[in-house]
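[1] okay, sequence plus prediction incoming.
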Amino acid sequence: MSDCIFCKIIGGEIPSTKVYEDDKCLAFRDLDPKAPTHILVIPKEHIQSVDAVTLENSGVVAHIFTVIPGIMRELGITGGYRVITNIGADAGQTVPHLHFHVLGGKEMGWSPAG
Ligand code: DGP
């Protein structure tokens with residue numbers, strides 16, 4: 001989508017600090033980190049949110065969950081981590097391109113970002 005910030009990051013129009021990339025997804029550091037390690041993992045295909053996941057496009061979601069553990073190991077996160085995805089305005093989704101926040105590097109309480 002031409003006006004989507006994350007599509008522009010995928011296309012290289014907006015710079016980002018990439019930590020992982022393959023043909024289906026990209027992981028980069030969040031601009032406004034809520035933990036010592038806070039990355040966003042996004043599909044390269046534009047999907048608005050979990051609300052727009054279907055049987056046809058859900059393969060990339062499974063793929064993302066298979067790459068997250070290796071990314072966090074590479075980043076030295078050994079004590080556990082949290083995966084969050086916001087869906088829609090009430091949940092605080094500000095970028096309408098499916099993204100998984102992956103947070104680690106500190107002990108987190110039971111609030112959205114600890
Ligand atoms: P959410 O509130 O779930 O939609 O989270 C969007 C996240 O995206 C938020 O934590 C900040 C991050 N973000 C927004 N714009 C940019 C950007 O241009 N670069 C990077 N690296 N992160 C961004």
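    Yep, that arrived.
[2] any low-confidence regions in this structure?
    112-114 (pLDDT under 70).
[3] need the residues of it near the ligand, please.
    Counting by C-beta under 6 Å from any ligand atom, the residues of the chain close to the ligand are 5, 14, 16, 28-32, 40, 86, 92-95. The way it works is simple: take the backbone N, C-alpha and C, and place the C-beta from them, glycine included.
[4] by neighbour count, sort out the buried ones in those.
    Buried subset of the residues of the chain next to the ligand (neighbour count, 16 or more other C-beta atoms under 10 Å): 5, 16, 28, 30, 40, 86, 93.
[5] who's in contact with the third one?
    Counting by C-beta atoms under 8 Å, 6 or more residues apart in numbering, residue 28 makes contact with 9, 16-19, 39-40.
[6] kindly list the longest helix within this protein.
    In the chain, with assignment by DSSP state H, the single longest helix is helix 59-74.
[7] next secondary structure after it?
    strand 81-84 (DSSP states H and E).
[8] rewinding a little: name the nearest of the contacts of residue 28 relative to the ligand.
    Set against the ligand, the nearest of the contacts of residue 28 by C-beta to the nearest ligand atom is residue 16 (4.8 Å).
[9] helices of this protein, residue ranges please.
    5-11, 59-74.
[10] just name the most buried of the ones you listed.
    When the helices of the chain are scored by mean count of other C-beta atoms under 10 Å, the highest mean neighbour count falls to helix 5-11 (a mean of 17).
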